[in-house]
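>>> give me coordinates for this.
(one chain, ligands or ions: 1)
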Amino acid sequence: MDKFVINGGAKLSGSIAVLGAKNSALKILAATVLSDQKCIINNFPFIEDTNIAIEILRDLGASVDVDKERKMVIVNPATINKTVLDPVLVRKLRSSILFAGPILARFGQVQMNHPGGCVIGKRPIDLFINGFEKFGAGVDFTEDGFKLIAKSGKLKASNIFFPQITVTGTETMMMTAVLAEGKTILNNCAMEPEIPALAEYLNKCGAKIKGAGTHTIEIEGVDKIYGSYFDVIPDRIEAGTFVMMGLLTGSEIKIENCNPEHLGAVLPILEKAGAKLEIGENYIITKPSQMKAVSVVTHEYPGFATDLQSPYTLLMTQVQDQSIVHESIFEGRLFFTDQLNSMGANIIMCDPHRVVVNGPTKLYGKKLTSPDLRAGITMVLAGMIAEGTTTIENIYQIDRGYENIEARLQKLGADIKRVTS
Ligand code: EPZ
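Numbering: from 1, shown residues only. A predicted model of the protein is given here:
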């Protein structure tokens, strides 16, 4: 298994380009199933999760051409001949649930294993099952998963009011409604930037979606949609992570090819905590800053993104005074803090959703294991500011969401190596 070996203390300089968003590319790959015509996806992030999603498409019978040089993927869904998702691939990718709706909408049936949870939470799919039933699908639970069949052969439009905000739930019901007969109204929708991006792609293909990016989305069902092209939007979580990396290392670095607007409350909160940032239209420059303790509660977009909670928690270990980090969305997303404590941090867990962070604390290099991709990249940042050497095992988790990350950080001056054992 590969691991990262990091020697802390390096000052960074230069610029780092943000790549295409994992959480946008995954949705477009699922959306290609709705049509029988080609889709060209540009600015594609080649990471573990998108590789698995491509394997799922190929297993279904689609042809997928990959051009890493041009960061492009071309999907031809015309040859899809299967409606059962491969259980091995589903187990590797929690967001494989995104394929269920488009397969059901186009072919009238779908079968898959429960995509399972992960360390950040058990990740239930009740909102998905309830939504599919609202569209007129019958659900049979199998031993390890479920089978859905459109009762009258075709799905019917529905009104769905999400009892709680769900990003992939919103995206899945929006995709499913595209081919359902009649007008669907979705209420209490997530508003993450990846959702209007997905709607824009689907409308280019001939769908009729209004309101994506707000809490209410209307979809007028159509008989079929066509192929088109999609430019994956910049990864806002990469951008936010790199901003906090610049602040943590007291460096002036330029984060390029990003969309600062997609970071919502994150930048204003960092500035409230003393961050000196130059914010341009498609870049952010961090400057050495005297940071202070500011408590945060994670919240759906445009609030403070849960995917940026872990680097922020690390940042709070380095500032004077006490702060509370409240992870309101996932019940298992703070358990990485014990590994920061093993490096010298002083983080007290009040309950699975809340920690008190006391700073500043000096961190010392340690042997760590990446529990999930966002805590994993946080451990990389911790190793970059710790005294001594830090090794991080299980970096598959980091490769899930950050393409070629060690080479990109080395270019900024970080002392990080990938060791293949
Ligand atoms: C998406 O996950 C993202 N993944 C996550 O990013 C992100 O952390 C999350 O949204 C929140 O922003 C992708 O886009 C592929 P949810 P998703 O449904 O859609 C509960 C990363 O690191 N819930 O918005 O799976 C759920 O347990 C990943 O890139 C149900 O109870 O998250 C959670 O508490 C991690 N029943 C809350 O809703 C359901 O049927 C919000 O989850 C579905 C969700």
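>>> in the stretch 101-250 of the chain, which spans are strands?
Applying DSSP state E, counting those that start in this stretch to the stretch 101-250 of the chain gives strands spanning 109-113, 137-141, 145-150, 159-161, 183-187, 208-210, 216-220, 228-231.
>>> which residues touch the fourth one?
The set of residues that contact strand 159-161 without belonging to it, under Cβ atoms under 8 Å, 6 or more residues apart in numbering, is 130, 131, 134, 173, 184, 185, 186, 187, 188. The C-beta positions use only the backbone N, C-alpha and C, and glycine is treated the same way.
>>> okay, buried residues for it please.
residue 160 (16 or more other Cβ atoms under 10 Å).
>>> tell me how far it lies from the chain's centre.
25 Å (Cα atoms, centre = their mean, to the nearest Å).
>>> residue ranges with poor pLDDT in this protein?
117 (pLDDT under 70).
>>> and it, which residues reach the ligand?
Counting by Cβ under 6 Å from any ligand atom, the chain comes close to the ligand at 22-23, 26, 95, 121, 123-128, 164, 166-169, 190, 306-307, 329-330, 373-374, 401.
>>> hang on, the earlier thing: would you list the contacts of strand 159-161 in a markdown table and tack on neighbour count?
Below are the contacts of strand 159-161 laid out as a markdown table (neighbours: other Cβ atoms under 10 Å):
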| residue | neighbour count |
| --- | --- |
| 130 | 15 |
| 131 | 24 |
| 134 | 20 |
| 173 | 27 |
| 184 | 26 |
| 185 | 16 |
| 186 | 25 |
| 187 | 11 |
| 188 | 14 |
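>>> list the contacts for residue 109?
83, 103, 147, 148, 149, 150.
>>> what's opposite it in the beta bridge?
On the basis of DSSP bridges, residue 109 is bridged to residue 149.
>>> return the alpha-carbon coordinates of stretch 358-377 using CSV.
Taking C-alpha atoms only, stretch 358-377 is exported to CSV below (Å, rounded to 0.1, in the frame of the first residue of the first chain):
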residue,chain,number,x,y,z
ASN,A,358,-7.7,24.8,22.3
GLY,A,359,-4.8,26.5,20.6
PRO,A,360,-2.2,27.2,19.7
THR,A,361,-0.4,23.8,20.0
LYS,A,362,2.8,22.7,18.4
LEU,A,363,2.4,19.6,16.3
TYR,A,364,5.0,16.8,16.0
GLY,A,365,5.3,14.4,13.1
LYS,A,366,3.6,11.0,13.6
LYS,A,367,2.5,7.9,11.9
LEU,A,368,-1.1,8.5,10.8
THR,A,369,-3.8,6.7,8.8
SER,A,370,-6.2,8.5,6.5
PRO,A,371,-9.8,7.6,7.5
ASP,A,372,-11.5,9.4,4.6
LEU,A,373,-10.5,11.7,1.9
ARG,A,374,-11.1,15.0,3.6
ALA,A,375,-9.5,14.0,6.9
GLY,A,376,-6.8,12.4,4.9
ILE,A,377,-5.8,15.7,3.1
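>>> select only the buried ones of the residues of the chain next to the ligand in PyMOL?
To isolate the buried ones among those in PyMOL, judged by 16+ other Cβ under 10 Å, type:
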select buried, resi 22+23+26+95+121+123+125+127+128+166+167+168+169+190+306+307+329+330+373+374+401
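>>> from the residues of the chain next to the ligand, which ones fall inside helices?
22, 23, 26, 126, 127, 128, 167, 168, 169, 373, 374 (DSSP state H).
>>> can you name the next helix or strand after the one helix or strand residue 406 maps to?
Counting by DSSP states H and E, the element that carries residue 406 is helix 405-410. Using DSSP H and E, the helix or strand that follows helix 405-410 in sequence is strand 415-420.
>>> partners of that next one, with directions?
strand 2-7 (antiparallel).
>>> packing partners of the following helix or strand past the strand it pairs with?
For strand 2-7, the following helix or strand on the C-terminal side (DSSP H and E) is strand 13-17. In terms of contacts (3 or more Cβ pairs under 8 Å, 6 or more residues apart in numbering; DSSP states H and E), strand 13-17 is packed against strand 252-256.
>>> what's whatever helix or strand comes next after the strand it packs on packed up against?
Remark: after strand 252-256, the chain's next helix or strand is helix 266-272, criterion DSSP H and E. If contacts are counted by 3+ Cβ pairs under 8 Å, 6+ apart, helix 266-272 sits against helix 236-248, strand 276-279.
>>> please save the CA atoms from the longest one in CSV.
I take that to be helix 236-248. Extracted C-alpha coordinates of helix 236-248, given in CSV (Å, rounded to 0.1, in the frame of the first residue of the first chain):
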residue,chain,number,x,y,z
ARG,A,236,-14.5,24.3,-4.5
ILE,A,237,-13.3,21.8,-1.8
GLU,A,238,-9.8,21.7,-3.4
ALA,A,239,-9.8,25.5,-3.5
GLY,A,240,-10.9,25.9,0.2
THR,A,241,-8.4,23.2,1.2
PHE,A,242,-5.5,25.0,-0.6
VAL,A,243,-6.5,28.4,1.0
MET,A,244,-6.3,26.9,4.4
MET,A,245,-2.9,25.2,3.5
GLY,A,246,-1.6,28.7,2.6
LEU,A,247,-2.8,30.1,5.9
LEU,A,248,-1.5,27.1,8.0
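>>> can you give me the helices in the stretch 251-400 of the chain?
Secondary structure of the stretch 251-400 of the chain (DSSP state H, counting those that start in this stretch): helices at 266-272, 309-317, 337-342, 373-385, 396-399.
>>> CSV for the ones you listed, including distance to residue 213?
CSV is the format used below for those (distance: least, Cβ to Cβ, whole Å):
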stretch, distance to residue 213
helix 266-272, 18
helix 309-317, 23
helix 337-342, 33
helix 373-385, 23
helix 396-399, 30
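>>> out of the ones you listed, nearest to residue 353?
Closest of the helices of the stretch 251-400 of the chain to residue 353 is helix 309-317, at 10.6 Å (criterion: Cβ to Cβ).
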